[in-house]
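Visitor: The following block contains a protein sequence and its predicted model.
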There are 2 protein chains.
Amino acid sequence: MTEPRWLDEREERAWRGYRRMRRLLDLELARELAQDAGLSEPDYDVLSDLSETPGQRLRLSELADRMLWSRSRLSHHLGRMQQRGLVTREECTDDGRGSVVALTPAGRQAIEAAAPGHVAAVRRHLIDLLSPEEVTALGTLTHRVVDQLAGSRRPPNAAATDPTPEG
Amino acid sequence: MTEPRWLDEREERAWRGYRRMRRLLDLELARELAQDAGLSEPDYDVLSDLSETPGQRLRLSELADRMLWSRSRLSHHLGRMQQRGLVTREECTDDGRGSVVALTPAGRQAIEAAAPGHVAAVRRHLIDLLSPEEVTALGTLTHRVVDQLAGSRRPPNAAATDPTPEG
DNA sequence: ACAGGCTGGTTGACATGTCACCTACCGTAG
DNA sequence: CTACGGTAGGTGACATGTCAACCAGCCTGT
């Protein structure tokens, strides 16, 4: 029970700023996306990931891993998107258990209509407010944090030979 | 319909990194907080904000504004926290419509028990991974983005004399 | 072949957040 | 005082996400 190292003023500022930015940026991007394209951010992410994949189709587990979603969440969400005609499920030929999500023409149309506006919003509210050095620094710093977290993460099926054996 | 300026490689890296960090950091911090203190992040934020306020009590609208929450969300969430004995509602003497949330002893105990571990987690997964320059840069950059968003935000009751009249 | 464990995906119950609407109260104009 | 518009907060229906089972198909050892 050593006395914790609290955040100093500089650190506090960064942490609060990060959280506030996170919240406001999220609200605004979601608002514009919903208004302009009728999509939620999760919708957009799914469609975007699919549209960038050759064949516009992915195994569910592959998609879930990329998006860092639980399988359950993905399954529920795809059900809703399927209702709206944005994606379809197909059988997986390799693996009888699996299935594959594919972009429908409507889904492709939706993402193509939404993308320019969304990118513009990302620029307007974030990227274009930063200097080139800041953009680079943000990329560097976030990737470092991500690598650290991804490394120490305990995915359900990780091997037991882990460098940090339950600190 | 001018051709959109897509993100270049550097910008793309920053944007993806940001989103991935956002997600992973969130998952991990929430996981640790739930495990170690039995609190969700929203719980923590409410308790933390209250505990830093002289008198440990706040008007609901004040708290909602600080946290950037809708009043509805706050009302629902406080109901749940009240059930668990972390906060209480009191009448507001100034304003017959209003009410005030106050920290209970249990609530104070909960936040005091949770804070050291949470700060340590924030350090371990974010702050301590950054150089002092990066921390400063993060503070600067996030605050710039926040100010921009807050400025252009259209709060329900904003005046119509806005510098950006719906581009 | 087939038992047993693992993986991919789904489902239902529940927790959480959002939206539209409601009521009570404030403040001001007449 | 009374009417009226605006604000504070609460409520219920619904959308979304989580968690814990669950089923089906794969895989390996015998």
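Guide: Cool, got the structure.
Visitor: Show me the strands in chain A, by range?
Guide: Under the criterion DSSP state E, strands of chain A are mapped to A:57-59, A:87-91, A:99-103.
Visitor: Deepest in the core, which of these is it.
Guide: strand A:99-103 (a mean of 20; mean count of other C-beta atoms under 10 Å in any protein chain shown). In short, each C-beta sits where N, CA and C put it, glycine included.
Visitor: Show me what that strand is in contact with.
Guide: If you take C-beta atoms under 8 Å, 6 or more residues apart in numbering or on different chains as the criterion, strand A:99-103 is touched by A:46-47, A:50-51, A:55-60, A:63, A:78, A:86-92, A:111.
Visitor: what subset of those residues is also close to DNA strand C?
Guide: Residues of these in contact with DNA strand C (C-beta under 7 Å from any atom of the strand): A:Arg59, A:Leu60, A:Leu78, A:Arg89, A:Cys92.
Visitor: for those residues, which one is nearest B:Pro105?
Guide: Set against B:Pro105, the nearest of these by C-beta to C-beta is A:Leu78 (46.2 Å).
Visitor: my read: the closest one touches A:Leu60, true?
Guide: Yes - judged on C-beta atoms under 8 Å, A:Leu78 makes contact with A:Leu60 at a distance of 7.5 Å.
Visitor: which residues of chain A fall in helices?
Guide: A:9-37, A:41-51, A:60-67, A:71-83, A:105-125, A:132-152 (DSSP state H).
Visitor: Now render the ones you listed as TSV, adding mean neighbour count and distance to B:Met21.
Guide: What follows is the helices of chain A, written out as TSV (neighbours: other C-beta atoms under 10 Å in any protein chain shown; distance: least, C-beta to C-beta, whole Å):
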stretch	mean neighbour count	distance to B:Met21
helix A:9-37	17	9
helix A:41-51	19	15
helix A:60-67	16	14
helix A:71-83	14	19
helix A:105-125	17	15
helix A:132-152	17	4
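Visitor: Export the ones you listed as a markdown table, with columns for distance to B:Arg19 and mean pLDDT.
Guide: Shown next, in a markdown table, are the helices of chain A (distance: least, C-beta to C-beta, whole Å; pLDDT from 0 to 100):
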| stretch | distance to B:Arg19 | mean pLDDT |
| --- | --- | --- |
| helix A:9-37 | 10 | 97 |
| helix A:41-51 | 9 | 98 |
| helix A:60-67 | 10 | 97 |
| helix A:71-83 | 16 | 98 |
| helix A:105-125 | 10 | 97 |
| helix A:132-152 | 9 | 95 |
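Visitor: got those as TSV, with distance to B:Ala102 columns?
Guide: Converted to TSV, the helices of chain A look like this (distance: least, C-beta to C-beta, whole Å):
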stretch	distance to B:Ala102
helix A:9-37	23
helix A:41-51	35
helix A:60-67	40
helix A:71-83	36
helix A:105-125	36
helix A:132-152	36
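Visitor: re earlier: so which of the contacts of strand A:99-103 reach chain B?
Guide: The subset of the contacts of strand A:99-103 within reach of chain B, by C-beta under 8 Å from any C-beta of the partner chain, is empty.
Visitor: Which single residue in chain A comes nearest to DNA strand D?
Guide: Closest residue of chain A to DNA strand D, C-beta to the nearest atom of the strand: A:Gly96 (2.8 Å).
Visitor: tell me which parts of chain A are close to DNA strand D?
Guide: Going by C-beta under 7 Å from any atom of the strand, the residues of chain A near DNA strand D are A:Ser40, A:Pro42, A:Trp69, A:Ser70, A:Ser72, A:Arg73, A:His76, A:His77, A:Arg80, A:Asp95, A:Gly96, A:Arg97.
Visitor: so which two of those are the farthest from each other?
Guide: A:Ser40 and A:Gly96 (32.2 Å).
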